[in-house]
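J.: Have a look; sequence and predicted model below, questions after that.
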Amino acid sequence: MSTASKTPVTILTGFLGAGKTTLLNRILQEQHGQRIAVIENEFGETGIDGDLLIQGDEQIVEMNNGCICCTVRGDLVRILGELAQKQAAGQLRFDRVIIETTGLADPAPVAQTFFVEDAIYADYTLDAIITVVDAVHAMQQLDAHHEAQEQIGFADRILLSKTDLVAAEQVAQLQHRLMQINPRASIQPAHFGQTDLKQILDIDGFSLDAILAIEPDFLQDVAHSHDDEIRAFVFNTERPFDLAKLEVFLEAMIEIYGTQLLRYKGIVNAFNDPQRIVFQGVHMLMSGDHTTAWQAHEQRHSTLVFIGKDLPQARFEEGLQLCLV
Ligand SMILES: Nc1nc2c(ncn2[C@@H]2O[C@H](COP(=O)(O)OP(=O)(O)OP(=O)(O)O)[C@@H](O)[C@H]2O)c(=O)[nH]1
């Protein structure tokens with residue numbers, strides 16, 4: 001089945017109280033003409049957010065058996081399967097799915113579900129991971145909780161909530177820190193969930209065609225730098241890669257550092273190859289493919305981004321250098 005006929009899925013993550021439910025309500029109320037199936041995941045016996053959500057036409061499914069990332073991935077697969085079956089049988093109609101994860105959930109296993117489960121892969125395509133960040137508490141949460149950093153590391157888009165409660169200077173400092181953890185994700189405000197939906201739905205963050213836009217000078221300003229465990233580094237070069245060497249090198253690094261690598265993505269300029277190669281991955285699952293052709297007037301280049309925990313940047317860089325022609 002082509003991506004066009006698959007149902008896009010957005011994973012909504014963010015720390016406890018960041019404003020995920022507020023955003024979701026906003027999305028459900030907006031006149032976007034789309035029918036949305038929402039999967040809620042709550043800790044504990046009874047779901048609370050289900051009651052807080054304003055119910056419209058949407059189908060809301062709650063998973064209360066535990067954290068989405070550990071115990072209930074099977075449930076997620078089952079629920080997505082049931083939704084697809086009902087859709088096929090004409091009992092339900094929806095254009096997209098949003099999965100709201102609990103504040104502490106690690107989004108990786110949720111994202112990986114879409115790579116590894118054939119039944120899910122057939123019907124759904126992972127559109128993006130959206131992370132809501134609380135502008136009031138994020139600095140402290142990033143200091144104290146590894147999960148908060150991970151949620152930034154995985155994001156395709158970051159939404160800043162509660163910027164109305166802090167000074168512009170503090171927002172700027174936070175943005176800078178977020179960019180250091182994840183230079184891939186663009187950051188936009190979401191005042192009580194109010195944000196440009198075009199920037200968060202159908203953005204194809206997991207597509208291999210997605211543009212890899214990186215703020216060129218995000219690492220320049222070292223003031224206010226934090227000792228975050230999760231960090232990114234970018235490898236840029238205009239020299240072409242020997243593709244066979246690069247593949248062997250990346251596979252080896254993923255084998256060794258897969259658990260520490262949260263997200264990685266790159267555009268590769270391979271020697272004697274008329275087309276760009278784009279690859280991306282989550283932990284140990286990587287995929288890559290040829291995409292558009294380089295144009296004659298273009299400066300061919302490669303940009304590779306690695307986001308992870310305690311990654312040996314020098315080792316990556318030295319290895320990548322050795323893969324150049
Ligand atoms: N001032 C202000 N408050 C906000 C904003 N966005 C959300 N809130 C408030 O923050 C609180 C938490 O918002 P929720 O949407 O419940 O957060 P959540 O991420 O779903 O919370 P959990 O499900 O507990 O993790 C609520 O009281 C919201 O009204 C914002 O932009 N500005």
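T.: Nice, thanks for sending it over.
J.: what about the helices in the chain?
T.: 20-29, 49-52, 73-88, 107-116, 118-123, 138-144, 146-154, 168-181, 243-257, 313-322 (DSSP state H).
J.: Just name the most buried of those.
T.: Ranked by average neighbour count under the criterion mean count of other CB atoms under 10 Å, the helices of the chain are headed by helix 146-154 at a mean of 24. Using the backbone N, CA and C atoms, a C-beta is placed for each residue, glycine as well.
J.: what does it contact?
T.: 13-15, 104-108, 111, 129, 131, 133, 138, 141-142, 158, 178, 181-182, 185, 228-230, 232, 262-263, 282, 307-309 (CB atoms under 8 Å, 6 or more residues apart in numbering).
J.: One more pass at 7 Å, please.
T.: For helix 146-154, contacts defined as CB atoms under 7 Å, 6 or more residues apart in numbering pick out 13-15, 104, 106-108, 111, 129, 131, 141-142, 158, 178, 181-182, 228-230, 262-263, 307.
J.: now stretch 111-121
T.: In contact with stretch 111-121 (CB under 7 Å, 6+ apart) are residues 9, 11, 73, 76-77, 80-81, 124, 126, 129, 154, 282-283, 285.
J.: repeat for stretch 79-88
T.: Stretch 79-88 has contacts (CB under 7 Å, 6+ apart) with A37, I39, V61, M63, L92, R93, F94, V97, A119, I120, D123, Y124.
J.: C-alpha coordinates for it, PDB please?
T.: Coordinates of each C-alpha in stretch 79-88 appear next as PDB, following Å, rounded to 0.1, in the frame of the first residue of the first chain:
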ATOM      1  CA  ILE A  79      -6.200  -1.000  19.100                       C
ATOM      2  CA  LEU A  80      -4.700   0.300  15.900                       C
ATOM      3  CA  GLY A  81      -5.600  -3.000  14.200                       C
ATOM      4  CA  GLU A  82      -9.200  -2.700  15.500                       C
ATOM      5  CA  LEU A  83      -9.600   0.900  14.300                       C
ATOM      6  CA  ALA A  84      -8.300  -0.100  10.900                       C
ATOM      7  CA  GLN A  85     -10.800  -3.100  10.700                       C
ATOM      8  CA  LYS A  86     -13.700  -0.900  11.700                       C
ATOM      9  CA  GLN A  87     -12.700   1.700   9.200                       C
ATOM     10  CA  ALA A  88     -12.500  -1.000   6.500                       C
END
